[in-house]
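> Show me the folded form of this:
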Amino acid sequence: MKLKKPKFWDYKQPNFISYLLLPLTIPLVVNNFLLKFKKKNISDKKTKTICVGNIYVGGTAKTPLTMKIYQILNDLNFKTATIKKFYANHIDEQKMLAEKTKLYCSKDRSVALDQAIDDGVDVAIFDDGLQDRVLNYDLEFVCFNNKKWIGNGFLIPAGPLREKIQSITKYDAVFISGNEIDNSNLRSSIKEYSKNIKIFESCYKPTNIDEFNTNERYLIFSGIGNPDNFKEILIKNKFNIIKEIIFPDHYNYTSIDIDKIKLQAKNLNAKIMTTEKDYIKINSNQNIDIKFLHVEIIIKNEIELINYLKLNL
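Alright, predicted model coming up:
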């Protein structure tokens, strides 16, 4: 059974529960320390590797950013592929990557990379894997959401972090994602931890708004890392949202779940909308009355990113 992310993880300051759970973070601290000494596989092949990951669990736009970088590199005439470690409960992201990129997916990232190398791929982009110390990436990007940032700043399970924020000193660049707001304070905070790290910013752009009548009543549902972004985009575009249902990240919908959603929508005389990531997990015989919002990620300083990639690949 998948659980929703605890709300106290995203409090600006740790609360009593966070401090109570603090001793349980010790195994993660020890594991992160020992990973420093793990031997990396260094390949002599020409294939370059980029890892798009995070230290904050979920909702940092890793997968959309992976697809965006894939698109940029393809446009630059690099033979590009994406790599995703297989997880049975991550079918949503795997399907999206398979539909929109050349995906290599395996339970072992090294195996997937070897397959890409054998196929003559110039650049392999890893969706997640910063904590996989076996691999030696040429570029390592760490993603943050501009509102969630590092939550309460504690490690799992006392907070939402896989690593302490100080760990960003070992990464090449930071990507700040989220709906358009002033990120100057966040940029300053990042620079306090890593003075020379590159910072790129991105925002979300809905591309199929014209398919909807925003004056109609909408029931929305999602099972993503940061459902706030989805709702904010709809509110910004003046959708009339009368009910929101939130499921855990990577939630796999059953027929019973969808029937319940449809019944609630019928009782509320509302249309049903979800995210593309959620929509692809719904059986085709049940998705007729459900629409999804298609969203693209926009890199605000894309020319700077393109030049950065050219310089480092």
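
> If you count neighbours, what's buried in stretch 243-251?
Neighbour counts over stretch 243-251 (16 or more other CB atoms under 10 Å) mark 243, 245-251 as buried. From N, CA and C alone the C-beta is placed, and that goes for glycine too.

> can you list the residues you listed in a markdown table and add pLDDT, secondary structure and distance to I220?
Putting the buried residues of stretch 243-251 into a markdown table (pLDDT from 0 to 100; DSSP: H, G, I helix; E, B strand; the rest coil; distance: CB to CB, whole Å) gives the following:
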| residue | pLDDT | secondary structure | distance to I220 |
| --- | --- | --- | --- |
| K243 | 97 | strand | 7 |
| I245 | 97 | strand | 7 |
| I246 | 95 | strand | 9 |
| F247 | 95 | coil | 12 |
| P248 | 93 | coil | 16 |
| D249 | 91 | coil | 16 |
| H250 | 90 | coil | 18 |
| Y251 | 92 | coil | 14 |
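
> Nearest to L135 among those?
Taking CB to CB as the measure, L135 lies nearest H250 of the buried residues of stretch 243-251, at 22.7 Å.

> Just to check, that closest one is in contact with Q94?
No: counting by CB atoms under 8 Å, H250 sits too far from Q94 to count as a contact (10.4 Å).

> What is the nearest of the buried residues of stretch 243-251 to D118?
Using CB to CB, the buried residues of stretch 243-251 come closest to D118 at H250, 29.9 Å.

> For the closest residue to that closest one other than its chain neighbours, the count of nearby residues, please.
Nearest residue to H250, sequence neighbours excluded (CB to CB, 6 or more residues apart in numbering): N89, at 4.9 Å. Burial of N89 is recorded as 11 neighbouring residues (other CB atoms under 10 Å).

> Using the three-state scheme, assign N89.
Secondary structure, DSSP: H, G, I helix; E, B strand; the rest coil: N89 is helix.

> in the sheet, who's paired with S202?
Beta-bridge pairing for S202 (DSSP bridges): I299.

> At which residues are the helices of this protein located?
Using DSSP state H, the helices of the chain run over residues 16-21, 26-35, 62-75, 91-100, 109-118, 184-193, 227-236, 255-267, 276-279, 302-312.

> hey, which helix or strand in this structure has the poorest pLDDT?
Within the chain, no helix or strand scores below helix 26-35, which has a mean of 88 by mean pLDDT, DSSP states H and E.

> Please name every helix or strand in contact with that helix.
Using 3 or more CB pairs under 8 Å, 6 or more residues apart in numbering; DSSP states H and E as the contact criterion, helix 26-35 has no neighbours among helices and strands.

> Figure out how far that helix is from the centre of its chain.
On the basis of CA atoms, centre = their mean, to the nearest Å, helix 26-35 sits 23 Å off its chain's mean C-alpha point.

> tally of neighbours for C203?
Around C203 there are 20 other residues, counting by other CB under 10 Å.

> Compute the distance between the nearest residue to it once chain neighbours are set aside and G153, please.
Distance criterion CB to CB, 6+ apart; nearest residue to C203, sequence neighbours excluded, is E180 at 4.8 Å. Separation of E180 from G153 (CB to CB, to the nearest Å): 25 Å.

> And those two? Which one has more around it.
Shown here are E180 and G153; by other CB under 10 Å, G153 has more neighbours (18 against 14).

> what pLDDT does the residue nearest to H250 get?
We have a pLDDT of 83 for N89.

> try I42
In this prediction, I42 carries a pLDDT score of 55.

> From L21, how far off is the residue of the chain most remote from its centre?
Ranked by distance from the centre of the chain (CA atoms, centre = their mean), the top residue is N267, with 33.6 Å. Separation of N267 from L21 (CB to CB): 39 Å.

> Tell me how the protein divides into domains.
Domain segmentation of the chain under automatic domain parsing yields 35-204+297-312, 209-293.

> Out of those domains, which gets nearest to N15?
With CB to CB as the measure, domain 35-204+297-312 is the member of the domains of the chain nearest N15 (7.5 Å).

> Need the distance between the two termini of that closest one.
Distance across domain 35-204+297-312, first residue to last, is 26 Å (CA to CA, to the nearest Å).

> try stretch 258-278
Stretch 258-278 has an end-to-end distance of 11 Å (CA to CA).

> what's the closest of the domains of the chain to V29?
domain 35-204+297-312 (6.7 Å).

> what mean pLDDT does stretch 303-313 have?
Rounded mean pLDDT across stretch 303-313 is 95.

> quick one: contacts for L309?
With contact set as CB atoms under 8 Å, 6 or more residues apart in numbering, L309 has these partners: 69, 72-73, 76, 139.

> ok, now how distant is it from L73?
L309 is 7 Å from L73, where distance means CB to CB.

> Just list whatever residues bridge to V295.
P206.

> does it really touch C203, like I thought?
No: look at V295 against C203 with CB under 8 Å: they stay out of range, at 10.0 Å.

> what is in contact with those two at once?
Contact with both V295 and C203 is made by no residue, according to CB under 8 Å, 6+ apart.
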